[in-house]
Every structure is written in structure tokens, then in C-alpha cells.
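Undergrad: Based on what follows, work out the 3D shape:
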Amino acid sequence: MRSSLIPLVITGAFWGWGSVIFAAQGIRPNDSQRCLLPASGRFAQGVSGKPGIGSEPAAAPLQAPSAAETQPLTKQQLLELVVAHLPIQRIEELLRDRGIDFQIDDDYVSALRRAGANDPLLTIVREASAKTAGILVETSPNAQVFLDGNLRGQADAHGVLEFRAKLGAHALKVSLAGKKDFEQSVDVLEKQSTRVEATLADLAGSVRLKAPAGAAIWLDDSSRGTIDSSGELVLTGISPGAHLLRVTARGKVDGLRSINVFADLETEVQVELADGVRVNPQDTLSYVWIAPGTFMMGCSPGDNDCADPEKPAHQVTLHKAYWIGQTEVTVGAYKRFVEAEKAKMPPAAPKLNRGWKNDNLPMVDVIWNEANQYCAWAGGRLPTEAEWEYAARGGSPQARYGDLSATAWSKDNAENQTHAVAAKLPNGYGLYDTLGNVWEWVNDWYDPNFYQSGAAQDPAGPATGQEKVLRGGSWIVDPKLLRVSDRYSIKPDARSDYFGFRCVWEPKTP
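TA: Numbering: from 1, shown residues only. Here you go, the predicted model:
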């Protein structure tokens, strides 16, 4: 009965072990009509060793074996070869060429014996088992595992796949949709299992950003370039997930938002930047947006006029953006405060503005507390010394942000009088008169040695003191004092025709 079944297996469509037998005869499965013909062209023998039926001379050369015909034999395939009574030398060739993907145990040996395997064949099988070893792959669940280009299986729900391979070097690849392929060379060694941890990284995504031309782009606090003339910039190689995007442009409020990037996809983001100058409806003055940043505070490079309280120069980071007065507080704005709060003007108007008639001149003769009260009414506060200097520099590291005669009123050009605000050129941030015209009260108590403390993160000055700090110089001082790092101090109840102020505004919405 057994011999009568063999031709049916060979010529039928049972691919589980029929394809293995075809490969053993040196042919491809699609050559089944000449399955008993060896490549040499001689008459072939059937799988039982007897003369084949319908044998004929060989035709054209056969195709190379497929991937399925080069993978190690499974338990079922080897068992079916034995059941089919393939000649022992052909089984030996297959075992030598392809190996097996399992470990031989006593139960399997018994199954082979029942199928008809004799001791010589069992010896060959045991030797083949000794020439393979296990590979344990730990990866993402359901990932496909390839060895030397051949699929060896799919990781289970725990991300584990274990199989056997011939000893020696192999190319391992692990793939999963939405993940970057893992590829690695592995050496399979005798009598030991090879463990591979194949971590699959998410495929990178990209962002197509549309924003005003020239705007600077930051992603997670890392500079990523500027928007070109087309109004676009494509950011590539971004890991999937949430990222913080910041778009900055001079004269505009920073665009800050969280964006989600998806694996192997392009995300389109459009950012419109609000105007960086706004009118405060309370005091009707204009305020300029100052973005967070880091700068060198204190004595500027190459400045030989620095005094000891300006030293040492030290790096300061301001983490919070703020709005600061584009000009010094004017007489007209202070009059609105007095009227709204039922407050009083200073005891006497300066000689240069008798009766407080000129509303465009900077407000002077206010003590520190009066200036502080005005800023609170306007919806803000006095700037810290660090905030003032950062804004006053206008993005320049130098002692002055431009030609002094064009940017500031000093003893040399003021003609012994205060001048209307915004009559000179602004600094790089669009602020007027941060040098000259009038000294400006700031929030900090004065300590001549404070810079030596090295306070570098949002410094607010000493907790207590006897004098308050003024900055920027005035129209009556020597030009060498008109430097953004210069520090002046006086008791907070002092009044002077040379003292004014500007405020930091803290609106409830940007």
C-alpha cells in the first residue's frame, strides 16, 4: 500500500512535504511533470529507489531554489521525508544544505522510528541537530523576523520568537509596520543560544511649517533654521510624539505651541505671528514683546569705562517673556494715572516743563514708590535690573546699541533739557531712549557686589537694601556713562528732574 501512495504525493498538490521532495530531486515545484528526472539527464529513480515511471531526458537547466527551499527543515517536513522513503543520501544532503530548525528529543526519535527511520538515518539526524543552535529574538509583538532574507516567523504577543539556525554568521532583520527595520549580523555558536534584543524605533516623521519668511524655528529648544522666501520650512527626522515648537521673528510675538508628529508621515503646521508692539489700553502707551533668552549681563566686551559694580560679566537666562514700555512713561500717561487713582502729581514741576504742559516729555520727579504704583495701575510692575538690561541691549552685546548721537540724548547734544520720547533711533528691539534722556528706576535693591554672586537664572536682585537701582543715564551726564551696563543707585525716596521710568506690562492674554 505504501508504494502505491508515493506517486500520488509527488504529482499531487500536497505542498507540506511534496515541495521538500521536489527539492530533494533537484527540481522546482512548478516542474512537477518531470519530478522524477535528475539534473544529469539520466533515468531517475522514484522515492522508493525503484525505476521511475515516465522518465525522459532532461530539458532546460532548472531554476535556482526558492527561499522556501533553502530554509531549515521543520519537524513535520523531516518526518514526511522519512514517511516517503526518500533515499538516505538525499535526506543527508538536505540536512547538510539546509539544517533543521528544532532540537531532537526522545519523543521525536520514536516518531521517526515509527515512520521507518533506521539507525544510520537517526545518526545523521542527530548530527544535523548538533550543527544548529537556537536564536531567541526579543522585539515588538507581531514583528516579522527574517534570517538571511528568509522569513522565520512572527514574534508572539510578548514580542518573543525562538527558532534554530545553522552554526555560523547570519543576517537578521526584524520588521513591523510603522517601525524602522532592525538589522544586525548574528553568530550562531555551537551548544549555546543566541539572544538578540531587537528594539524597533519608530519611523521618523516630518513637519511642513508655514510661517512668515525669515522667522527662526525652534523645536524642543533646538534651533532648526529659518523660514525661506516661500514661507515654508520642512523639518525632517523628528521622532513621533509631542514636541514644543517656537517660531520667532523680530517685531512679532513668539508663536509657541505643542505639535504632534506621526511616524512616517508629514504634519503640516501653520503659524501666524502677532504684532510685537501693543498698546496698553490702561495707560495708552505702546509696549514691546521681549522673548525669553540668554545674554551676557554686566561689563560689555571691549568696554574700558566699566566700574567695579558692573563686574564680572556673567551669563543670565530669562525664562519668561515680557512686555516692556517702548518709551519711558510720559507726562500725559502719568496724568491719566493721577486722574484715575485720585493721586497727586509731584510737588513741583521741573523748570523745563513748567505746569507739566508738555505731555510728550518723560515723566520725572517721581520717587521709586510712585513709579511702582503707576506700573501696578497700568497692569504690570517695574522691570528687574536683568530684564531692563536685556531689553535695553536690543540684542547687541556691545556697550551701546548704535551711534550715541543718533540713539541717545546726553550732555553733548541735549542742550541742557529733557526731550520728547522716541525722538532718537530705537535699539534692535524697537525700544527708545534706553540710553540717555532720563535715568530709569528698576525694581532691584542695589548691591555693588551682587554680580559676584553669579545669579544666572531670572535674577531679581538682593532681598533688601538701602538704595534702589537706576539705569540708562540721562541728558545731563557725560556720554561715557551712557552704556547699557552702567549702574546707578540712590535712596528710593529721592526726586530728580533726571529720574524717570518705564514699566513691564503683564496682560492677561498675549
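
Undergrad: Can you list the neighbours in contact with stretch 463-471?
TA: Residues outside stretch 463-471 that contact it (C-beta atoms under 8 Å, 6 or more residues apart in numbering): 368, 385, 388-389, 392, 439-442, 444-447, 461, 486-492, 499. Placement of C-beta: from N, CA and C, glycine included.

Undergrad: Might you calculate how far it sits from the centre of the chain?
TA: Offset of stretch 463-471 from its chain centre (C-alpha atoms, centre = their mean, to the nearest Å): 42 Å.

Undergrad: Check stretch 437-456 too.
TA: Mean C-alpha position of stretch 437-456 versus that of the full chain (C-alpha atoms, centre = their mean) differs by 37 Å.

Undergrad: Buried residues of it, list them for me.
TA: If you call a residue buried by 16 or more other C-beta atoms under 10 Å, then stretch 437-456 has these buried ones: 437-447, 450-451, 455.

Undergrad: Return the item of those having minimum pLDDT.
TA: Lowest-confidence member of the buried residues of stretch 437-456: residue 455, scoring 76 (pLDDT).

Undergrad: Might you report the residue contacts of that residue?
TA: Residue 455 touches residue 316, counting by C-beta under 8 Å, 6+ apart.

Undergrad: Specify the local secondary structure of it.
TA: At residue 455 the chain is in coil, as set by DSSP: H, G, I helix; E, B strand; the rest coil.

Undergrad: Please apply the same query to residue 443.
TA: Following three-state DSSP, we place residue 443 in the strand state.

Undergrad: mind starting the numbering at 47 from now?
TA: Noted, 47 is the first residue going forward, which turns the last one into residue 489.

Undergrad: Give me the distance between the closest residue in space to it that isn't next to it in sequence and residue 190.
TA: Using C-beta to C-beta, 6 or more residues apart in numbering and skipping residues adjacent in sequence, the residue nearest residue 489 is residue 428, 4.2 Å away. Distance, residue 428 to residue 190, by C-beta to C-beta, to the nearest Å: 65 Å.

Undergrad: the more surrounded of the two?
TA: Between residue 428 and residue 190, residue 428 has the larger neighbour count (other C-beta atoms under 10 Å), namely 24 against 17.

Undergrad: And the spatially closest residue to residue 163 that is not a sequence neighbour, which helix or strand is it part of?
TA: Distances taken as C-beta to C-beta, 6+ apart place residue 128 nearest to residue 163, at 5.0 Å, with adjacent residues excluded. Assigned by DSSP states H and E, residue 128 belongs to helix 121-129.

Undergrad: Kindly report the same for residue 169.
TA: If you go by DSSP H and E, residue 169 is part of helix 165-176.

Undergrad: ditto for residue 280
TA: Residue 280 is part of strand 278-284 when elements are defined by DSSP H and E.

Undergrad: Now the following helix or strand past the helix holding residue 128: buried residues?
TA: Later in the chain than helix 121-129, the nearest helix or strand by DSSP H and E is helix 134-144. Neighbour counts over helix 134-144 (16+ other C-beta under 10 Å) mark 136-138, 140-141, 144 as buried.

Undergrad: In CSV, list the C-alpha atoms belonging to helix 134-144.
TA: Extracted in CSV, the C-alpha atoms of helix 134-144 (Å, rounded to 0.1, in the frame of the first residue of the first chain):
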residue,chain,number,x,y,z
ILE,A,134,19.0,8.3,2.9
GLN,A,135,21.8,10.0,0.9
ARG,A,136,19.2,12.6,-0.3
ILE,A,137,18.0,13.2,3.2
GLU,A,138,21.6,13.6,4.3
GLU,A,139,22.2,16.2,1.5
LEU,A,140,19.1,18.1,2.6
LEU,A,141,20.2,18.1,6.2
ARG,A,142,23.7,19.2,5.3
ASP,A,143,22.5,22.0,3.0
ARG,A,144,19.5,23.3,5.0
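
Undergrad: For it, which helices and strands make contact with it?
TA: helix 61-70, helix 121-129, helix 165-176 (3 or more C-beta pairs under 8 Å, 6 or more residues apart in numbering; DSSP states H and E).

Undergrad: and the helix or strand just after it with helix 121-129, angle?
TA: Scanning forward in sequence from helix 134-144 by DSSP H and E, the next helix or strand is helix 152-161. Calculated by axes from the mean of the first three to the mean of the last three C-alpha atoms, to 10 degrees, helix 152-161 forms an angle of 30 degrees with helix 121-129.

Undergrad: Return the set of buried residues in helix 152-161.
TA: By 16+ other C-beta under 10 Å, the buried positions in helix 152-161 come out as 154, 158, 161.

Undergrad: Residue 273: which of these is nearest?
TA: residue 154 (67.4 Å; C-beta to C-beta).

Undergrad: mind listing what the residue nearest to that closest one when sequence neighbours are not counted touches?
TA: Closest residue in space to residue 154, ignoring its immediate chain neighbours: residue 121 at 6.4 Å, by C-beta to C-beta, 6+ apart. Applying C-beta under 8 Å, 6+ apart to residue 121 gives the contacts 146, 148, 154.
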